[in-house]
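*Asks:* structure, please.
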Amino acid sequence: MLTPALGNYNASELSLFVSLILSPIIVGYLCAQNIWEEKRTRTIANIAVLFAVLIMFVVLVEDATVEWIPYIRADYLKANPTATPSAFDWYNIELSALGSEVFLTVVLAFALSFIGLYIGSMLKKPAKS
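*Replies:* Have a look, this model is predicted:
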């Protein structure tokens, strides 16, 4: 829906951000009873870590299947027009670019899922027994 207005890259990034916050809110709401019965922050942290690891594998598979090298090289040469990296330097530049994407996505997934699960569990109070 957002692709015509924002373009392919920005629309997918925004949809990722929205899904990373909305899905944990829904899960937190649906599983609120179980979250409240156990230690709430520890349970939420466990779910968030599991979700972040899952997202890490998704990003690693995406990095393995999509050809990112021309994009990374173009971006690097745009930022450093006079640079002439060797083959080994290109390897390290590309590896650090992909590694930083994985790291930032995992941190974002963990933080947003923790916040979303906490908000979702707060929306539905536990039943009195």
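
*Asks:* look up the closest residue to residue 112, ignoring the ones flanking it.
*Replies:* With sequence-adjacent residues excluded and distances taken as CB to CB, 6 or more residues apart in numbering, residue 112 is closest to residue 20, at 4.3 Å. Quick note: C-beta positions are derived from backbone N, CA and C, even for glycine.

*Asks:* who's in contact with the helix or strand containing the one you found?
*Replies:* Residue 20 is part of helix 8-30, with elements assigned from DSSP states H and E. Defining contact as CB atoms under 8 Å, 6 or more residues apart in numbering, one finds that helix 8-30 is touched by 1-3, 5-6, 35, 44, 47-48, 51, 55, 108-109, 112-124.

*Asks:* list the buried residues of that helix.
*Replies:* Residues of helix 8-30 classed as buried by neighbour count (16 or more other CB atoms under 10 Å): 20, 21, 23, 24, 25, 27, 28, 29.

*Asks:* any idea which element the nearest residue to the fourth one once chain neighbours are set aside lies in?
*Replies:* Pointing back at residue 24 there. Spatial nearest neighbour of residue 24, chain neighbours left out: residue 116 (2.8 Å); criterion: CB to CB, 6+ apart. Of the helices and strands defined by DSSP H and E, residue 116 is found in helix 87-123.

*Asks:* then residue 42?
*Replies:* Per DSSP H and E: residue 42 is located in helix 40-65.

*Asks:* filter the contacts of helix 8-30 to the buried ones?
*Replies:* When those are checked for burial by 16+ other CB under 10 Å, the buried set is 35, 44, 47-48, 51, 55, 108-109, 112-118, 120-121.

*Asks:* okay, the angle between the helix holding residue 20 and helix 40-65?
*Replies:* Between helix 8-30 and helix 40-65, the angle formed by their directions is 150 degrees, by axes from the mean of the first three to the mean of the last three CA atoms, to 10 degrees.

*Asks:* tally of neighbours for residue 105?
*Replies:* For residue 105, the count of nearby residues is 19 (other CB atoms under 10 Å).
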